[in-house]
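Undergrad: fold the following, please.
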Amino acid sequence: MEIKFDGFTVNLYQDEEDDWLAHFVEMSEVSAFADTPEQALNELAVAWEGIKESYRKHGEEVPRAPARKEYSGQFNVRIDKRLHRKLAMEAARAGISLNALVAQKLAESAEHRKASSDQGQR
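TA: Residues are numbered from 1 along each chain as shown. Here you go, the predicted model:
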């Protein structure tokens, strides 16, 4: 049986009492536990289907995983004036726009975090 979780990330682990727990990383309140990893995933699938049915029954939109959402590419953040000035000066020295500089820094940070996370899982 193929289990689908609509793009949500599943965290599966064994607790101190040897139960297997499965939950959505993006919605930790959606969870299930069982004696085996397969059973925990199956229970999570049943719980997720029940949650989606409840949303529909109440006329509410079913939550979407961040990975399945559409993004505009625009990201507005208010920052301290001093930081804004510092970043603008750095961008000018580099000969790029402030937006390009901030996008570059965010991308580097995301890659660094991913690399650190990947190393921690080994």
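
Undergrad: and His23, what is it in contact with?
TA: 10-11, 29-32, 44 (CB atoms under 8 Å, 6 or more residues apart in numbering). C-beta here means a position set from N, CA and C on the backbone, and glycine is covered the same way.

Undergrad: His112 too?
TA: Counted by CB under 8 Å, 6+ apart, His112 has zero contacts.

Undergrad: so which strand or helix has it?
TA: helix 98-120 (DSSP states H and E).

Undergrad: buried residues in that helix, which are they?
TA: Applying a neighbour-count criterion of 16 or more other CB atoms under 10 Å, one finds 101-102 buried in helix 98-120.

Undergrad: same check, this time on stretch 24-40
TA: 24, 30-34, 40.

Undergrad: and what of stretch 44-60?
TA: Under 16+ other CB under 10 Å, the buried positions of stretch 44-60 are 44-45, 47-48, 51.

Undergrad: how is the chain divided into domains?
TA: With domains defined by automatic domain parsing, the chain comprises 1-70, 71-120.

Undergrad: roughly how far is the shortest one from the heart of the chain?
TA: Think domain 71-120. A distance of 19 Å separates the centroid of the chain from that of domain 71-120, by CA atoms, centre = their mean, to the nearest Å.

Undergrad: next, give phi and psi for Ser31.
TA: Phi and psi for Ser31, reported as degrees, to the nearest 10, are phi -150, psi 170.

Undergrad: residues contacting it?
TA: 21-24, 44, 47.

Undergrad: in helices, which of the residues you listed fall?
TA: Taking DSSP state H as the definition of helices, these contribute 44, 47.

Undergrad: any idea which of the contacts of Ser31 is the one closest to Leu83?
TA: Using CB to CB, Phe24 comes nearest to Leu83 of the contacts of Ser31, at 34.1 Å.

Undergrad: could you export the buried residues of stretch 44-60 as CSV, including distance to Arg82?
TA: CSV is the format used below for the buried residues of stretch 44-60 (distance: CB to CB, whole Å):
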residue, distance to Arg82
Leu44, 47
Ala45, 50
Ala47, 48
Trp48, 46
Ile51, 45
